[in-house]
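J.: give me coordinates for this.
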Amino acid sequence: MRCRGAGKHSVRSHTAKGADMFKRTALLVVVMMCVLVSAGLAAGQDHVQKYFNDAACTVKATADPSQKRDILESKIEDMSKAIGTVRNSRLVSEADRAGLDRLAASLQEKRDELAGTNGYARVADDQLNAFGDYVVQDMEQADRTITMGVVTALLIVIIIILI
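T.: Reported below is the predicted structural model:
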């Protein structure tokens, strides 16, 4: 025979346990989201740095100055296209757009310097390795001064992979 009071008590204790479990799970989800967002942003920034670092290494491994120049131009062009594509996305905030505009302007300056346009002296053939290193260092500094959201950083990475 079953007692009515015992059944109600059991339901209440299960409900209280369920609420506690829900609170713990919700807290865990919030903490995990914060960790994953930080990791995603770092991964996106690291990928951009690695992209230019790989280009600098390829430039150093190439003997022909015209090929070095083509490699640098191509990498800067691809990154500029990726930034332009991401900038026009609805997923990007206004603050991120401003950061992307500064990054695009910096890349355009590098492109002008490499080609010797818009008042810049053309990078000498014997300075192309150093210029590749300069671009890498400038992108590392840009990561410190231009903060982007996770969505923006990951979109840039995806676009670069697709190019």
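J.: residue 114: how many residues sit nearby?
T.: 20 (other C-beta atoms under 10 Å). From N, CA and C alone the C-beta is placed, and that goes for glycine too.
J.: which stretches of this protein aren't confidently modelled?
T.: Within the chain, the segments meeting pLDDT under 70 span 1-48, 142-163.
J.: shouldn't residue 59 be in contact with residue 130?
T.: No. Applying C-beta atoms under 8 Å, one finds residue 59 not in contact with residue 130, separated by 9.8 Å.
J.: any idea how far residue 60 is from residue 49?
T.: 16 Å (C-beta to C-beta, to the nearest Å).
J.: again, but for residue 75
T.: Counting by C-beta to C-beta, the gap from residue 75 to residue 60 is 13 Å.
J.: these two: which is more packed in?
T.: More crowded of residue 75 and residue 60, by other C-beta under 10 Å: residue 75, with 22 against 14.
J.: not counting sequence-adjacent ones, nearest residue to the more buried one?
T.: Spatially, and ignoring its direct neighbours in sequence, residue 75 is nearest to residue 55 (4.0 Å; C-beta to C-beta, 6 or more residues apart in numbering).
J.: list the contacts of that neighbour.
T.: 71, 72, 75, 132, 135, 136 (C-beta atoms under 8 Å, 6 or more residues apart in numbering).
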